[in-house]
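Q: Next come a sequence and a model predicted from it.
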Amino acid sequence: MNRRRFLLLTACAALPGMAGAAPAAPSQEWRGRAMGADVTLRLHGAGPAQARGFFAEAARLLAQVENLFSLHRDSDLARLNRDGRLRFPAAGMVELLALSDRLHRATGGAFDPTVQPLWLARAQGGDEAAARALAGWDSVAWSRAEVRLARPGMALTFNGLAQGWAADRLAEAAARHGLTDLLIDAGEMRALGARGWRVGLADAAGREHRRIRLGDRALATSSPGGTLIGPRGLPHILAPDGGAPPWDTISVSADSAALADGLSTALCLMPPEAACAALARLPGCRIELAIPAPHAEFPGKISSFCLA
């Protein structure tokens, strides 16, 4: 599942007028691809050898993410979905299962990786009601010894977390290489450096609504209508009950890119009061942009309902 992100990079340097601001152009840049998304790494203040070492490790890390979570190759996740069980899962798999459980509980079930059969049914014009019967996070059991799906035909997707998780792993690698001024754009953004990077936030149509400073923090945006799937052209982000998403776009910032990724996915499926309650259960997370869908039956933006 490719989830298009409408995060517009509007500057590659610190905010104007800040003491010690770097030149406007990044000194080092690397581009690649992982989990269906383009990946761009921008560095300031790194020497060529330091940058090469980090970029080489970044390529290895992204390959590992694909080997764990891709739905389009013989990954650990693909084998779990095929066989209904996975013995001795990798630490990264256990970590995303635990984070999925945390998000599922915090969002009242709106975040649910078991919607993969429903997504496939929608994309292929299949029976969505039959596919919906296969969903259910309480039918997933895991430990360090085994992951098991309770019913034949069940399948998971981590496309609501894996890109953010990859950005977090890249940030850890950058720190090991002594890098302190970096912007990671892996579908979700993770910034290192207190000076901050300026990013613009746009809706599903690509219209920019505001700009924020992102420093030592992560940012994720979800726009259900940004990508339409299947013969009926329906939103690619799905609620477990099949309901229409009430939000055009939700952008979330957090200390972790994986947390921002998963939370932005879930919040765009939730009405304002429920979204506010979920946000209160996840300290450190903040809504940066919230635009109701045209069909939404509530007025204004989510800031009208809760303090983010």
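A: Good, I have the coordinates. Numbers count the residues shown, from 1 in each chain.

Q: number of nearby residues for the closest residue to N67 other than its chain neighbours?
A: Nearest residue to N67, sequence neighbours excluded (C-beta to C-beta, 6 or more residues apart in numbering): S75, at 5.5 Å. Every residue, glycine included, has its C-beta placed from N, CA and C. S75 has 18 neighbours, counted by other C-beta atoms under 10 Å.

Q: Need the distance between the two termini of stretch 279-289.
A: End-to-end distance of stretch 279-289 (C-alpha to C-alpha, to the nearest Å): 14 Å.

Q: what's in contact with that stretch?
A: Applying C-beta atoms under 8 Å, 6 or more residues apart in numbering, the contact partners of stretch 279-289 are 105-106, 201, 209-210, 212, 219, 221, 249-255, 259-260, 263, 267, 275, 302-303, 306, 308.

Q: Mind jotting down where the strands sit in the stretch 1-150 of the chain?
A: Per DSSP state E, counting those that start in this stretch, the stretch 1-150 of the chain carries strands over the ranges 7-9, 28-34, 37-43, 85-87, 140-142, 146-149.

Q: Can you name every helix or strand that the helix or strand following the last one contacts?
A: Scanning forward in sequence from strand 146-149, with DSSP states H and E defining helices and strands, the next element found is helix 162-176. If you count contacts as 3 or more C-beta pairs under 8 Å, 6 or more residues apart in numbering; DSSP states H and E, helix 162-176 packs onto strand 37-43, helix 48-69, helix 91-106, strand 182-185, strand 189-192, strand 217-222, helix 257-267.

Q: Among the strands of the stretch 1-150 of the chain, show me which one is buried the most.
A: strand 37-43 (a mean of 20; mean count of other C-beta atoms under 10 Å).

Q: Against which helices or strands is that strand packed?
A: strand 28-34, helix 48-69, helix 162-176, strand 182-185.

Q: Which of the three states applies to I287?
A: strand (DSSP: H, G, I helix; E, B strand; the rest coil).

Q: How many residues are close by it?
A: Residues near I287, counting by other C-beta under 10 Å: 21.

Q: beta partners of it?
A: V252 (DSSP bridges).

Q: check contacts around D83.
A: Applying C-beta under 8 Å, 6+ apart, no residues contact D83.

Q: For R31, see how far away R42 is.
A: R42 sits 10 Å away from R31, going by C-beta to C-beta, to the nearest Å.

Q: out of the strands of the stretch 1-150 of the chain, nearest to L228?
A: strand 37-43 (17.7 Å; C-beta to C-beta).

Q: Pairing partners for the closest one, with directions?
A: strand 28-34 (antiparallel), strand 182-185 (antiparallel).

Q: Convert it to PDB, retaining C-alpha atoms only.
A: Presented in PDB, the C-alpha positions along strand 37-43 are these (Å, rounded to 0.1, in the frame of the first residue of the first chain):
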ATOM      1  CA  ALA A  37       8.400   5.700  -1.100                       C
ATOM      2  CA  ASP A  38      11.200   7.900  -2.300                       C
ATOM      3  CA  VAL A  39      13.900   8.500   0.400                       C
ATOM      4  CA  THR A  40      16.000  11.600   0.600                       C
ATOM      5  CA  LEU A  41      18.700  12.300   3.100                       C
ATOM      6  CA  ARG A  42      20.000  15.900   3.400                       C
ATOM      7  CA  LEU A  43      23.000  16.800   5.600                       C
END
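
Q: Apart from its neighbours in sequence, what residue is nearest the most centrally placed residue in the chain?
A: Centrality entry for the chain: nearest residue to the mean C-alpha point is D261, 2.7 Å, by C-alpha atoms, centre = their mean. Using C-beta to C-beta, 6+ apart and skipping the chain neighbours, the partner closest in space to D261 is G164 (3.0 Å).

Q: ok, how many other residues are close to G284?
A: Residues within reach of G284, counting by other C-beta under 10 Å, total 11.

Q: if I look at it, how far off is T107?
A: 16 Å.

Q: what's the answer for R281, then?
A: 8 Å.

Q: neighbour count winner among the two?
A: T107 (24 against 13).

Q: Dihedrals phi and psi, the more buried one?
A: With angles defined as degrees, to the nearest 10, T107 sits at phi -100, psi 10.

Q: which of the helices and strands packed on helix 162-176 sits most buried?
A: helix 257-267 (a mean of 30).

Q: right, and the helix or strand after that one?
A: Next along the chain after helix 257-267, taking DSSP H and E as the criterion, comes helix 272-280.
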